[in-house]
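Peer 1: I'll drop the sequence and a predicted model, then ask my questions.
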Amino acid sequence: MNALLKITLAASVLLPAVVLSPRAEACGVFFEGGRPPSPKLVAQVPKRTPSNAVEVAQVMIDSAAYATAATTLATTFPTLKTGDTTSPVDARAHRLMALALVRSEGAAGSAQFPTATADQKLANVQWAIGALRGLNARRTNDPALQADLGEALAHVPSLHDEARKVLGALAEKDLMGSGHAYAALAKLHAEAGDAKATELALSRCKAMATDKSVCKTPEIADGKALALAARS
Amino acid sequence: MASKAGWRFAAGLALVATASACDADGCAPKFLGLAGSSAHDGGLGIDAAALAVRGDPIRGRALVERFECNRCHEGTGLATPPLEKQCVSCHKDIVRGKHKAPSDFVNARWVSRVTQLADAPSLDNAYGRLKPEWIATFVRNPHDLRPKLVLTMPRLAITDAEARDVAAYLAPRADTKADDLEDKLVLERGNAPVGRELMIAKGCGTCHAMTGATLPGAILPTDVKVPDLDTGMRLAPDLRFTRERMRPARVQEWLLRPEEIRPGTPMPNFKLTAEEARNIAKAIVADRLDPLPAAEPVEVPKPLDREVTFAEVQATVLKRTCWHCHSDPDLERGDTGPGNSGGFGFAPRGLNLAEYTGVFAGATDDKGERHSIFAPMKDGTPRIVAALLARHREERGLPPDPDADLRGMPLGLPPLPMDEIRLVATWIAQGRKR
């Protein structure tokens, strides 16, 4: 047995145990995240139901495993890039793929989202922004979706003003629960030279992020790092 | 099921309405020309002035539809709602192992967890039992009427006038001079001490409580057939409130022929004589009751002195209680619950308590504006904690806090134990960390 096959086998046994959290507890929830992992050894990417794939991808994204999340989604939703988002599960798949692409700077690719060149990665981020705009248009007044869009916009310098507006409004009303979105807001505040607002956004980021490393202290506009950085 | 109930309902209402009919919306009474007219009254003496006081049954029907009473109650006269909106019927099927779940795994989980909301009192033929003014009061300010039923009537967003309209639809029977005479007979000729002895002998306390009076939990006589004792025990009302709910003569009538007045009722027929029924009715409506103990005030719990994680709050409170009505719009079957997409007359609130980001995304007010569920009330208590405490106030019969006009949560369910509210309050006080 070669090394690659061994790794694949080990991953197929261990990965479900890691990612299948018993989340589906309420009556009415139809995804299968609570299903105990199958003991069978399958030397391939497991075939998942759409709802299961969405939940697994969510856990992977929370664990910063963006490439694996993108592969899972792309495998289960083969027309994800061009398909519509009429069903709620499709909508969630779009949202998660967008987040995987944004947080990996466009590098969490698949056959649908090539990543060979910088232009392709940029195109992936742009697709993500378009997908998140579409989801926000479909479900207006959802701060969780707005925070994702704001975070994505913050990855494109020409869209920073819009990002600051979206994220700033959410933060002001205390409607943002994403560490990544607060990290993006901290960068935007730093860019504008607002050290106090940057520090506040970073503290919220640290309370909310599962991976605290996303809450990096940005340099503020005059080139100096925040005093907070030295302390933390 | 609803069609059958609707037929019975319509048949009963034919006493006072000019017509009843079945159409695509189900079988329901038609109150042709009712508002402002006396032509409909079938000679029973209803007039327009009385309607202004009693409410308009046409508006009442529309309100029963708006408040989706048929999600829980049979006998509303409305058509059966779609499956995802059938609360009681769905839960009843799960409890009885008849519900078709998406998979065996999901079914096993539901069967092990769904134990509540499998019963709600039927509104079928309410006119033959209940006082309209009591219905209006109860709908406006529900309280725990059935001590062995875990759930209570949810506190709806309903005005006094709307509550009167609902009552006029559900119980449109006019009070007549004959009713007054029958009441007088019960009150003047009934013998309460004898009635009380009869209640003990007949084992009324097996199912019923009578708060403030002595009603021993005696054994039911062996010759009495109870259609469904478990359901009967859960649905049996506290007899303390019967004098507010029913006229004395209706109590007597109910005791004599319950299954005729409300077919399918778990209330057994004790084959009483008219005199026995009158004596029991007198004991129920006129016997002395001890005053209810004063309600204890609801205190804001002090935070714990240990760290509380979101995972703990999620597992202990959000997933166990809140999620059912405030769920994720992407990942749920059905309508994601009345606390998210709307229902029971409530506007959609868009509140998703299924995940961390959703909890932070807040809820919309009546104008559609988003607010954080952590926003402090006037006394500094976070809004979500104040809502959980408000449910304790409701259950204790205390008036709403004037500084926090909130509906108690969980709606229609028992209040969360104070320890669980303390957990939520502590997590918030500690910075709402993930």
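Peer 2: That came in fine, so what should we check first?
Peer 1: surely A:Asn136 meets A:Pro143?
Peer 2: No - here A:Asn136 lies out of contact with A:Pro143, judged by Cβ atoms under 8 Å, at a distance of 10.3 Å. (Each C-beta comes from the backbone N, C-alpha and C, glycine too.)
Peer 1: burial of the residue in chain A positioned nearest to chain B, as a residue count?
Peer 2: Among the residues of chain A, A:Gly177 lies closest to chain B, at 2.6 Å counting by Cβ to the nearest Cβ. With neighbours defined by other Cβ atoms under 10 Å in any protein chain shown, the count for A:Gly177 comes to 26.
Peer 1: which of the helices or strands spans B:Glu197?
Peer 2: With secondary structure defined by DSSP states H and E, B:Glu197 is part of helix B:192-201.
Peer 1: what's in contact with that helix?
Peer 2: The set of residues that contact helix B:192-201 without belonging to it, under Cβ atoms under 8 Å, 6 or more residues apart in numbering or on different chains, is B:205, B:215-216, B:218, B:221, B:272, B:276, B:278-284, B:286-287.
Peer 1: returning to what we had before: which of A:Asn136 and A:Pro143 has more residues huddled nearby?
Peer 2: Set side by side, A:Asn136 and A:Pro143 show more neighbours around A:Pro143, with 26 against 18, by other Cβ under 10 Å.
Peer 1: identify the residues contacting the more buried one.
Peer 2: A:170, A:173, A:175-176, B:360-362, B:370.
Peer 1: quick check: phi and psi at it.
Peer 2: Dihedral angles of A:Pro143 (phi, psi; degrees, to the nearest 10) stand at phi -60, psi -30.
Peer 1: touching chain B at all, the helix ranked longest in chain A?
Peer 2: When chain A is parsed with DSSP state H, its longest helix is helix A:118-138. No - figure legend: helix A:118-138 not in contact with chain B (Cβ under 8 Å from any Cβ of the partner chain); closest approach 9.7 Å.
Peer 1: following that helix, which helix or strand comes up?
Peer 2: Downstream of helix A:118-138, the first helix or strand assigned by DSSP H and E is helix A:143-153.
Peer 1: and the angle from that following helix to helix A:118-138?
Peer 2: Angular relation of helix A:143-153 and helix A:118-138 on a 0 to 180 degree scale: 160 degrees, by axes from the mean of the first three to the mean of the last three Cα atoms, to 10 degrees.
Peer 1: coming back round to it: most neighbours, which of the contacts of A:Pro143?
Peer 2: Counting neighbours by other Cβ under 10 Å, A:Met176 comes out on top of the contacts of A:Pro143 with 31 neighbours.
Peer 1: who are the neighbours in contact with it?
Peer 2: Each residue near A:Met176 by Cβ under 8 Å, 6+ apart is listed here: A:143, A:147, A:167, A:170, A:182, A:185, A:204, B:360.
Peer 1: just to revisit the earlier point, export the helix holding B:Glu197 as PDB, just CAs?
Peer 2: As requested, C-alpha coordinates have been extracted for helix B:192-201 and formatted as PDB (Å, rounded to 0.1, in the frame of the first residue of the first chain):
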ATOM      1  CA  ALA B 192     -72.800  22.000  47.300                       C
ATOM      2  CA  PRO B 193     -71.800  19.700  50.300                       C
ATOM      3  CA  VAL B 194     -73.600  16.800  48.600                       C
ATOM      4  CA  GLY B 195     -72.000  17.700  45.300                       C
ATOM      5  CA  ARG B 196     -68.500  17.700  46.900                       C
ATOM      6  CA  GLU B 197     -69.100  14.200  48.400                       C
ATOM      7  CA  LEU B 198     -70.200  13.100  44.900                       C
ATOM      8  CA  MET B 199     -67.100  14.500  43.300                       C
ATOM      9  CA  ILE B 200     -65.000  12.400  45.700                       C
ATOM     10  CA  ALA B 201     -67.100   9.300  45.100                       C
END
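Peer 1: which positions in the next helix or strand after that helix come out as buried?
Peer 2: Sequence-wise, the next helix or strand downstream of helix B:192-201 (DSSP H and E) is helix B:229-235. Buried residues in helix B:229-235, counted by 16 or more other Cβ atoms under 10 Å in any protein chain shown: B:231-235.
Peer 1: try stretch B:60-72
Peer 2: Residues of stretch B:60-72 classed as buried under the neighbour-count rule (16+ other Cβ under 10 Å) are B:60-61, B:63-65, B:67-72.
Peer 1: closest to chain A among these?
Peer 2: Of all the buried residues of stretch B:60-72, chain A sits closest to B:Arg71, with 13.7 Å by Cβ to the nearest Cβ.
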